[in-house]
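Trainee: Sharing a sequence plus its predicted fold:
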Amino acid sequence: MKYKIVTLVCVLMIGFMAYMIPNISAREEERLAFQATPVVEESKKSKSDEWERYFPRQYGSWKKTEESHEIEDMLERFPQLAILWAGYGFSKDYNAPRGHAYALQDNKNTLRTGAPVDDKSGPMPTACWSCKSPDVPRMIEEDGELEYFTGKWAKYGNEIVNSIGCADCHDNETMELEIRRPFLDRGLEAAGLPKFKDSTHQQKRSLVCAQCHVEYYFKPTPWKNEKGEDKLAKVVTFPWDNGLTAEDMEEYYDEKKFKDWTHKLSGTPMLKAQHPGWEIFQTGIHGQKGVSCADCHMPYTQEGTVKYSDHQLQSPLRTMDRSCMPCHREGEDKLRGIVNQKLTRKNFLMQLTMDNLAKAHLETAKAVEIGATAEELKQVREHIRHGQWRWDYSIASHGSFFHAPEETLRLLGSANDEAQKARILLVRVLAKHGLPDFQAPDFSNKENAQSLAGVPLKKLIEAKMKFKATLEKEWMAEAAKKGKLNMSSQEGIDQESSYFDNRKKK
């Protein structure tokens with residue numbers, strides 16, 4: 001009897017092993033295939049869907065950035081913005097950023113990029129493409145950096161056609177992290193920091209993001225082409241020579257007497273912060289502890305024996321089990337409550353600051369109207385310039401309230417103080433010119449605010465819709481014909497923007 005039992009157990013074990021061997025082999029093949037290093041063809045590397053055959057999981061998760069499709073009209077939510085940016089493109093149209101899959105389309109849709117009719121028209125320079133597509137480094141490599149940065153935005157409309165994707169951060173042969181935008185290394189060098197190749201792997205997991213999620217400006221750079229013709233490039237430049245804080249960059253811009261634009265209402269030479277996420281992140285606890293952007297925004301995902309980074313970049317609050325809980329021991333609800341508390345505090349001080357800055361602009365405009373001189377308003381405008389810069393810097397990186405809550409509140413407090421100083425001086429100036437009781441007009445809704453800012457919305461929308469029906473379609477067709485774009489990759493990329501549903505009402 002004993003031998004029969006032993007025999008039966010052996011037969012069962014053999015049967016189980018026979019069942020498991022194919023499964024084990026399949027998993028091993030999957031693991032080895034995943035670890036293999038394929039090569040994406042050089043001429044096709046800007047098209048992320050060409051990487052899908054080798055990295056279906058990463059590509060599939062990247063495609064999920066299309067789920068972040070909601071349009072949030074920030075001018076509707078915060079009408080003060082139209083006043084703060086009067087005379088600048090953001091007073092026309094500003095939506096909250098969406099997923100990476102929409103970055104390029106949103107750039108074409110926004111009223112800020114205008115309505116060009118050919119490759120030489122339109123208000124914006126070519127530099128406005130720089131953070132939107134892996135086609136940008138391709139054009140820099142093909143045409144040369146200075147040529148790329150020369151001319152109008154429409155110049156590359158039929159070339160820059162693929163949204164942020166694989167080739168922005170990965171070498172197409174080794175799959176290692178890489179940067180292909182040379183202005184990042186120049187910025188790191190100016191700041192006295194190691195260049196990308198000399199950085200640690202953990203640092204690189206943030207620096208690939210720092211190609212775009214940083215503060216920069218378009219530096220006018222004269223040059224000569226091969227024919228000896230004088231050209232002017234608007235080169236993306238990081239203002240890190242004096243350091244990485246808001247005040248360091250403010251000093252840099254002041255020393256150069258640089259301005260992004262002159263404010264339409266107050267006449268102030270203004271600065272526009274871009275999205276200094278990487279810099280402000282360095283001042284927060286996560287940055288100081290060596291956490292990378294990818295640790296939280298691209299958490300590891302396990303599928304069978306395969307472990308890979310989730311490329312659906314989004315708020316870590318949506319992936320807390322993988323983004324937060326590996327390090328934190330508090331419950332998810334408690335952590336979420338802490339984050340919401342930080343956001344509430346930031347929004348409270350941000351609203352106060354925006355109101356005071358908007359009123360300072362309107363009060364300055366009234367002072368000019370009744371005869372105040374440039375000398376009388378010089379100090380006022382300095383306070384406005386510095387106050388709005390610090391406010392903009394503190395919130396333009398979107399997640400700053402979480403990345404560095406103390407620094408964000410410090411900057412907002414400083415910005416509000418500058419705005420209040422300007423308004424105190426304006427009381428005296430207005431009183432001197434016979435208007436001691438002036439009150440700024442109502443800007444509590446988008447329509448009023450844009451009207452005060454002089455935004456010809458109906459005209460802008462009509463021109464943009466004509467552009468979308470003509471030149472934009474020509475760009476896409478030409479890019480597809482030349483093999484620069486796989487049209488199938490555009491499926492699911494909507495054409496929405498905040499003004500689309502309202503265009504008939506205006």
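Mentor: Here it is on my side, so go on.
Trainee: hey, where'd the helices end up in the stretch 401-506 of the chain?
Mentor: Assigned by DSSP state H, counting those that start in this stretch, the stretch 401-506 of the chain shows helices spanning 405-432, 446-452, 457-469, 471-481.
Trainee: chain center to the longest one, what's the gap?
Mentor: Read it as helix 405-432. Put simply, helix 405-432 sits 27 Å off its chain's centre (Cα atoms, centre = their mean, to the nearest Å).
Trainee: quick one: average pLDDT of that helix?
Mentor: Averaged across helix 405-432, the pLDDT comes to 98.
Trainee: Please produce JSON lines containing the helices of the stretch 401-506 of the chain, extended by distance to residue 119 and mean neighbour count.
Mentor: The C-beta positions use only the backbone N, C-alpha and C, and glycine is treated the same way. Formatted as JSON lines, the helices of the stretch 401-506 of the chain follow (distance: least, Cβ to Cβ, whole Å; neighbours: other Cβ atoms under 10 Å):
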{"stretch": "helix 405-432", "distance to residue 119": "40", "mean neighbour count": "20"}
{"stretch": "helix 446-452", "distance to residue 119": "30", "mean neighbour count": "20"}
{"stretch": "helix 457-469", "distance to residue 119": "13", "mean neighbour count": "16"}
{"stretch": "helix 471-481", "distance to residue 119": "9", "mean neighbour count": "16"}
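Trainee: Could you point out the helix or strand that follows the lowest-mean-pLDDT helix or strand in the chain?
Mentor: None of the helices or strands of the chain scores lower by mean pLDDT, DSSP states H and E than helix 2-35, at a mean of 59. Sequence-wise, the next helix or strand downstream of helix 2-35 (DSSP states H and E) is helix 56-63.
Trainee: Toward the C-terminus, what is the element adjacent to that following helix?
Mentor: Note on helix 56-63: by DSSP H and E, the next helix or strand toward the C-terminus is helix 74-77.
Trainee: Nearest approach to residue 314 belongs to which of the helices of the stretch 401-506 of the chain?
Mentor: helix 405-432 (20.0 Å; Cβ to Cβ).
Trainee: helices and strands around that closest one, which ones?
Mentor: Packing partners of helix 405-432 (3 or more Cβ pairs under 8 Å, 6 or more residues apart in numbering; DSSP states H and E): helix 332-369, helix 374-395, helix 400-403.
Trainee: I'd like to check the angle between that helix and helix 332-369, please.
Mentor: Calculated by axes from the mean of the first three to the mean of the last three Cα atoms, to 10 degrees, helix 405-432 forms an angle of 20 degrees with helix 332-369.
Trainee: mind giving me JSON lines with the helices of the stretch 401-506 of the chain and columns for distance to residue 62?
Mentor: Formatted as JSON lines, the helices of the stretch 401-506 of the chain follow (distance: least, Cβ to Cβ, whole Å):
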{"stretch": "helix 405-432", "distance to residue 62": "29"}
{"stretch": "helix 446-452", "distance to residue 62": "33"}
{"stretch": "helix 457-469", "distance to residue 62": "26"}
{"stretch": "helix 471-481", "distance to residue 62": "20"}
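Trainee: what's the closest of the ones you listed to residue 89?
Mentor: Among the helices of the stretch 401-506 of the chain, helix 457-469 sits nearest to residue 89 (Cβ to Cβ), with 10.1 Å.
Trainee: and of the helices of the stretch 401-506 of the chain, who's closest to residue 335?
Mentor: In terms of Cβ to Cβ, the element of the helices of the stretch 401-506 of the chain nearest to residue 335 is helix 405-432, at 13.7 Å.
Trainee: quick one, the closest one and helix 374-395 angle?
Mentor: Using the same axes, to 10 degrees, the direction of helix 405-432 lies 160 degrees away from that of helix 374-395.
Trainee: For stretch 228-245, measure first residue to last.
Mentor: Start and end residues of stretch 228-245 are separated by 40 Å (Cα to Cα, to the nearest Å).
Trainee: next one: stretch 443-454
Mentor: 13 Å.
Trainee: Show me how far it is from its chain's centre.
Mentor: Mean-position distance between stretch 443-454 and its chain equals 25 Å (Cα atoms, centre = their mean).
Trainee: can you check stretch 278-290 too?
Mentor: Taking Cα atoms, centre = their mean, one finds stretch 278-290 lying 18 Å from the centre of the chain it belongs to.
Trainee: Point out where the stretch 101-250 of the chain drops to low pLDDT.
Mentor: Applying pLDDT under 70 to the stretch 101-250 of the chain picks out no residues at all.
Trainee: And for residue 498, nearest residue in space, chain neighbours not counted?
Mentor: If the residues on either side of it in the chain are set aside, residue 498 comes closest to residue 73, at 3.7 Å by Cβ to Cβ, 6 or more residues apart in numbering.
Trainee: what sits against the one you found?
Mentor: By Cβ atoms under 8 Å, 6 or more residues apart in numbering, residue 73 lies in contact with 94-95, 446, 498.
Trainee: ditto for residue 323
Mentor: By Cβ under 8 Å, 6+ apart, the residues touching residue 323 are 295-297, 299, 316.
Trainee: Leaving out chain neighbours, which residue sits closest to residue 51?
Mentor: Residue 51's closest residue in space is residue 166 (Cβ to Cβ, 6+ apart), at 4.4 Å.
Trainee: so how many other residues sit close to that neighbour?
Mentor: 25 (other Cβ atoms under 10 Å).
Trainee: Contacts for stretch 118-130 next, please.
Mentor: For stretch 118-130, contacts defined as Cβ under 8 Å, 6+ apart pick out 89, 107, 112-116, 135-136, 148-157, 160, 181, 212, 218, 234-236, 471.
Trainee: again, 7 Å this time
Mentor: Residues from elsewhere that reach stretch 118-130 (Cβ atoms under 7 Å, 6 or more residues apart in numbering): 107, 113-114, 116, 136, 148-157, 160, 218, 234, 236.
Trainee: mind exporting it as CSV, just the C-alpha atoms?
Mentor: Extracted in CSV, the C-alpha atoms of stretch 118-130 (Å, rounded to 0.1, in the frame of the first residue of the first chain):
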residue,chain,number,x,y,z
ASP,A,118,1.8,80.4,-44.2
ASP,A,119,5.2,79.3,-42.7
LYS,A,120,6.3,82.9,-42.0
SER,A,121,3.2,84.4,-40.3
GLY,A,122,1.8,84.2,-36.8
PRO,A,123,2.8,85.9,-33.5
MET,A,124,5.0,83.3,-31.9
PRO,A,125,8.6,82.1,-32.5
THR,A,126,9.6,78.5,-33.3
ALA,A,127,10.8,78.2,-29.7
CYS,A,128,7.1,77.6,-28.7
TRP,A,129,7.4,74.1,-30.1
SER,A,130,10.4,73.2,-27.9
